[in-house]
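Asks: coordinates only, no sequence provided:
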């Protein structure tokens with residue numbers, strides 16, 4: 001009783017869902033902006049009457065007279081839909097013959113309804129009721145068989161164009177009639193409605209009506225059912241498992257018929273044989289490769305699942321950063337994964353155009369046997385976007401015509417199988433040599449097409465990497481050239497100081513104080529020249545600024561002494577005279593700015609250097625009374641390299657000063673008026689409690 005109650009609840013839910021699904025499908029079909037053809041009207045009526053039947057059955061149960069009447073109307077609507085399909089898809093003579101069969105089925109359907117009505121109206125006892133149910137079930141079976149025959153003839157006799165539009169309707173109705181045939185066959189055999197099958201009728205009808213509604217409400221001529229390869233492989237696995245279970249059941253049945261000793265011996269022997277086969281075949285890569293090739297050959301129209309292959313290619317190329325997993329190693333691996341090749345090698349062109357071995361993936365012996373591809377192959381690949389099938393090349397049937405004998409590592413006894421060109425914008429970026437797969441096969445058009453497309457994609461990655469390397473190399477040369485220009489500018493300043501020293505030596509050579517100062521200046525210049533040479537030696541590895549507390553008064557005083565005799569420098573110190581900076585870089589920037597101020601000023605004109613600071617920040621002003629600069633020059637040319645207002649200037653002094661100050665975390669500002677002069681301001685981070693040597697400051701002043 002508990003089971004009967006459970007199945008009753010399932011039947012109620014099943015038919016309620018069916019009624020709701022049919023109602024939604026009818027509303028959707030009625031609102032579709034399509035012509036109201038005969039089969040569409042019949043399908044809409046069938047959906048409505050099927051929904052009514054499901055609702056009545058859920059409310060009153062399968063034995064009620066109203067339920068039987070609703071089922072008769074439902075079946076008649078299905079037959080009307082079959083007739084509408086025949087009327088639009090066959091000739092007039094065939095339509096008349098089909099009309100006679102449909103009329104006969106309608107008569108049988110009405111007859112079984114009359115039998116059920118007589119049983120409900122005449123209370124003749126349980127035996128008559130059971131007989132009436134069997135007769136009604138028999139009539140239902142006849143109608144179902146007749147409808148299935150009609151649907152078969154409809155699909156087989158339809159033209160190729162009409163078959164595409166009626167396929168899904170025929171599938172839907174065939175599923176419905178087939179389920180009804182089994183349901184009433186079980187009813188006829190048992191003499192009562194089978195609760196388990198009856199509980200599932202609503203769900204089956206709801207599912208079967210989905211393709212019917214889609215076919216009547218949309219253009220399904222291009223609709224095809226294509227299972228993915230993963231689903232197909234899993235379905236095949238389920239079929240194999242099912243076959244295995246059936247074989248086991250049959251074997252167990254046979255063993256039960258044998259004597260006890262013979263059955264036990266057969267069981268042990270079968271298990272031993274099964275375990276042996278599993279141990280030999282299942283771990284074998286060759287067996288798995290053979291199974292995959294065979295399945296793809298016989299179950300799929302295309303060998304490759306292009307979506308899966310492309311996702312795997314993107315994953316392989318995008319997985320970088322690991323040791324030994326550079327792009328040159330990922331490229332042959334990505335190509336080998338497509339053809340199930342156990343190994344592959346990448347060849348890249350050298351400056352002479354020879355394709356030399358760059359990387360071998362899982363091919364350790366190749367580097368000992370080969371250095372480059374034959375020149376004839378390299379020339380052929382550079383001119384043609386063509387995958388070389390080495391079997392055809394060895395037999396002389398290649399597109400290259402007459403070919404030279406191949407070396408030993410490419411001959412018939414080698415593992416070499418195919419060579420794929422890597423072309424980017426009609427330029428050969430390299431080639432990939434593929435090893436023969438575990439299950440040897442002949443390359444076909446699908447292999448050629450896919451390998452060429454993948455080769456172009458991989459070539460774009462190689463070209464992008466080569467472009468990045470070229471840009472990095474150009475950036476390194478640019479950095480070297482920029483540093484060289486800065487060094488030349490500094491050498492020019494040192495040359496000017498040495499020239500001034502040489503000029504003054506002619507007049508003050510006898511002065512001991514001058515000679516002492518000259519030796520000091522020569523030592524300083526020598527140290528500066530050595531520093532410039534070291535800066536050039538640090539090409540590609542620029543020195544990081546050594547930020548420390550710098551006493552600005554001492555630093556400015558040291559710089560001012562380098563211009564004695566040619567520059568009148570006035571230094572005024574206010575506030576704290578200390579800052580956080582790179583002493584060497586700040587000194588070099590001051591030399592550039594003071595030298596520029598001196599060059600821009602009239603003869604004997606002063607250049608003022610003022611230091612202002614507190615615990616928050618410190619600034620150094622370099623002020624001259626030269627000609628000044630207009631706003632356009634400040635905006636466009638002041639920091640432009642190799643642009644100078646001086647006839648013999650390099651135009652990079654201000655640029656180097658700005659870069660040096662930026663490197664230590666400061667800023668360089670400029671104010672200029674034409675005819676009045678220019679003020680350069682160096683802003684640096686201050687020191688909260690920087691000790692300042694006031695005596696040193698006064699001495700420097």
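Replies: That came through, no problem. Because the structure is a prediction, the values reported are computed rather than measured.

Asks: how near is residue 24 to residue 154?
Replies: The spacing between residue 24 and residue 154, counted by C-beta to C-beta, to the nearest Å, is 27 Å. No exception for glycine: its C-beta is placed from N, CA and C like everyone else's.

Asks: quick check on the residue sitting nearest the centre point of the chain: phi, psi?
Replies: Nearest to the mean C-alpha position of the chain, by C-alpha atoms, centre = their mean, lies residue 314 at 5.4 Å. Per-residue torsions, residue 314: phi -60, psi -40 (degrees, to the nearest 10).

Asks: what's the burial count for residue 172?
Replies: Look at residue 172: counted by other C-beta atoms under 10 Å, it has 25 neighbours.

Asks: ok, now which ones touch it?
Replies: By C-beta atoms under 8 Å, 6 or more residues apart in numbering, the contact list for residue 172 reads 208-212, 215.

Asks: between residue 24 and residue 154, which is the more surrounded one?
Replies: Between residue 24 and residue 154, counted using other C-beta under 10 Å, the more crowded position is residue 154 (23 against 14).

Asks: helix, strand or coil for residue 628?
Replies: Secondary structure state of residue 628, per DSSP: H, G, I helix; E, B strand; the rest coil, is coil.

Asks: hang on, residue 682 in a strand?
Replies: Yes: under three-state DSSP, residue 682 sits within a strand.

Asks: which residues touch the nearest residue to it once chain neighbours are set aside?
Replies: Leaving out its chain neighbours, the residue that sits closest to residue 682 by C-beta to C-beta, 6 or more residues apart in numbering is residue 620, at 4.3 Å. Residue 620 makes contact with 552, 556, 590, 609-612, 681-682, 684, according to C-beta under 8 Å, 6+ apart.

Asks: turn these into JSON lines, including pLDDT, neighbour count and distance to residue 423.
Replies: Shown next, in JSON lines, are those (pLDDT from 0 to 100; neighbours: other C-beta atoms under 10 Å; distance: C-beta to C-beta, whole Å):
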{"residue": "552", "pLDDT": "85", "neighbour count": "29", "distance to residue 423": "63"}
{"residue": "556", "pLDDT": "84", "neighbour count": "26", "distance to residue 423": "64"}
{"residue": "590", "pLDDT": "89", "neighbour count": "25", "distance to residue 423": "57"}
{"residue": "609", "pLDDT": "87", "neighbour count": "24", "distance to residue 423": "64"}
{"residue": "610", "pLDDT": "87", "neighbour count": "17", "distance to residue 423": "66"}
{"residue": "611", "pLDDT": "87", "neighbour count": "24", "distance to residue 423": "65"}
{"residue": "612", "pLDDT": "85", "neighbour count": "18", "distance to residue 423": "65"}
{"residue": "681", "pLDDT": "93", "neighbour count": "17", "distance to residue 423": "58"}
{"residue": "682", "pLDDT": "92", "neighbour count": "26", "distance to residue 423": "56"}
{"residue": "684", "pLDDT": "89", "neighbour count": "24", "distance to residue 423": "56"}
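
Asks: after the host helix or strand of residue 133, next one along is what?
Replies: Assessed by DSSP states H and E, residue 133 sits inside helix 126-157. Remark: after helix 126-157, the chain's next helix or strand is helix 160-190, criterion DSSP H and E.

Asks: average pLDDT across that next one?
Replies: Across helix 160-190, pLDDT averages out at 76.

Asks: as a whole number, average confidence for the helix or strand that that helix is followed by?
Replies: Following helix 160-190 in sequence order, the next helix or strand is helix 195-217 (DSSP H and E). Mean pLDDT, taken over the full extent of helix 195-217, equals 79.

Asks: by how many degrees do helix 195-217 and helix 160-190 diverge?
Replies: On the basis of axes from the mean of the first three to the mean of the last three C-alpha atoms, to 10 degrees, helix 195-217 is oriented at 160 degrees to helix 160-190.

Asks: which helices and strands sit right next to helix 195-217?
Replies: The contact analysis (3 or more C-beta pairs under 8 Å, 6 or more residues apart in numbering; DSSP states H and E) places helix 195-217 against helix 2-30, helix 38-60, helix 160-190.

Asks: out of the ones you listed, deepest packed?
Replies: Mean neighbours per residue, mean count of other C-beta atoms under 10 Å, is largest over these for helix 38-60, with a mean of 22.

Asks: for it, what is the distance to the chain centroid?
Replies: Helix 38-60 sits 48 Å away from the centroid of its parent chain (C-alpha atoms, centre = their mean, to the nearest Å).

Asks: one step back: list the beta-bridge partners for the residue nearest to residue 682.
Replies: Here residue 620 sits in beta bridges with residue 611, residue 682, as judged by DSSP bridges.

Asks: related to what we said a few turns ago, could I have the PyMOL command that selects the buried members from the contacts of residue 172?
Replies: Of the contacts of residue 172, the buried ones go into a single PyMOL selection, burial set by 16 or more other C-beta atoms under 10 Å:
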select buried, resi 208+209+211+212+215
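
Asks: show me which of the contacts of residue 172 is closest to residue 59.
Replies: When those are compared for distance to residue 59 (C-beta to C-beta), residue 209 wins out at 20.0 Å.

Asks: shaky segments in the stretch 351-500 of the chain?
Replies: 399-400, 476-477, 480, 482-483, 485-486, 489 (pLDDT under 70).

Asks: number of nearby residues for residue 73?
Replies: The number of residues packed near residue 73 is 18, by other C-beta under 10 Å.

Asks: can you show me the strands along the protein?
Replies: Remark: strands assigned in the chain by DSSP state E are 344-349, 355-361, 388-389, 416-424, 427-435, 547-551, 569-575, 578-582, 607-613, 617-624, 667-673, 677-686.
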